[in-house]
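Novice: no sequence for this one, just the structure:
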Ligand SMILES: Cc1cc2nc3c(=O)[nH]c(=O)nc-3n(C[C@H](O)[C@H](O)[C@H](O)COP(=O)(O)O)c2cc1C
């Protein structure tokens, strides 16, 4: 198999770009289809595809944020306007966000953890796909990935849950890399 130097260089330098630094232009519909196609080409024990994707694009971003703000407001009517506005902007300014839903397919061949890992692979592969097409990306969860009411509003069905939101756009800033763990801290050679 031939080496792919550009892929190696990408993997050695890849880093997320925070969602606040993701702006237009975002992917075209054809590019988004390509990102979704690449993103779902992941290891999947049993070939159950234990995941589904929900795309938040265009006006749907603000509409989703409005629904999240409404949930928070119903729980805390005293919530100030700045906090509500933060909720309204949960899917802004990134041009597109892909929500990744873990959709379990109970089967002894692939225990739950393997299916969740496969969904996590979709999250990271979507991010790689975005970078491959010249965009930047960031994987977040935030409160609404853990809140049953918010998850349902955003598209999760009973028994499902979001494992990530992949925000995609054109970076407006060069992001400093963060410290990476030293191999000496995380790798050992068996035995000992
Ligand atoms: C499952 C998961 C959930 C995350 N959720 C958030 C989040 O809600 N908010 C946030 O600021 N970062 C979150 N992060 C971290 C961002 O993805 C972060 O920008 C990234 O880990 C930076 O590392 P990188 O540059 O190697 O991609 C999450 C990461 C993972 C793996």
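Specialist: Structure received. Fair warning: this is a prediction, and the values are worked out from it, not measured in the lab. Numbers count the residues shown, from 1 in each chain.
Novice: anything in the longest strand seen in the chain near the ligand?
Specialist: With secondary structure taken from DSSP state E, the chain has its longest strand at strand 161-171. Yes: Strand 161-171 comes into contact with the ligand (C-beta under 6 Å from any ligand atom), by way of residue 164. (C-beta placed from N, C-alpha, C; glycine too.)
Novice: Which parts of that strand count as buried, going by neighbours?
Specialist: Of the residues in strand 161-171, those buried under the neighbour-count criterion (16 or more other C-beta atoms under 10 Å) are 161, 162, 163, 164, 165, 166, 167, 168, 169, 170.
Novice: How about the fourth one: which residues does it bridge to?
Specialist: Which is residue 164. Using DSSP bridges, the beta-bridge partners of residue 164 come out as residue 100.
Novice: Do I have it right that it meets residue 139?
Specialist: Yes: the pair residue 164 / residue 139 is scored as a contact, 4.9 Å apart, by C-beta atoms under 8 Å.
Novice: intersection of neighbour lists for the two?
Specialist: When contacts are counted by C-beta atoms under 8 Å, 6 or more residues apart in numbering, residue 164 and residue 139 are jointly contacted by residue 123.
Novice: mind listing what the most centrally placed residue in the chain touches?
Specialist: Nearest to the centroid of the C-alpha atoms of the chain, with distances taken as C-alpha atoms, centre = their mean, sits residue 166, at 2.6 Å. Each residue near residue 166 by C-beta under 8 Å, 6+ apart is listed here: 39, 97, 98, 99, 100, 123, 126, 127, 130, 137, 138, 139.
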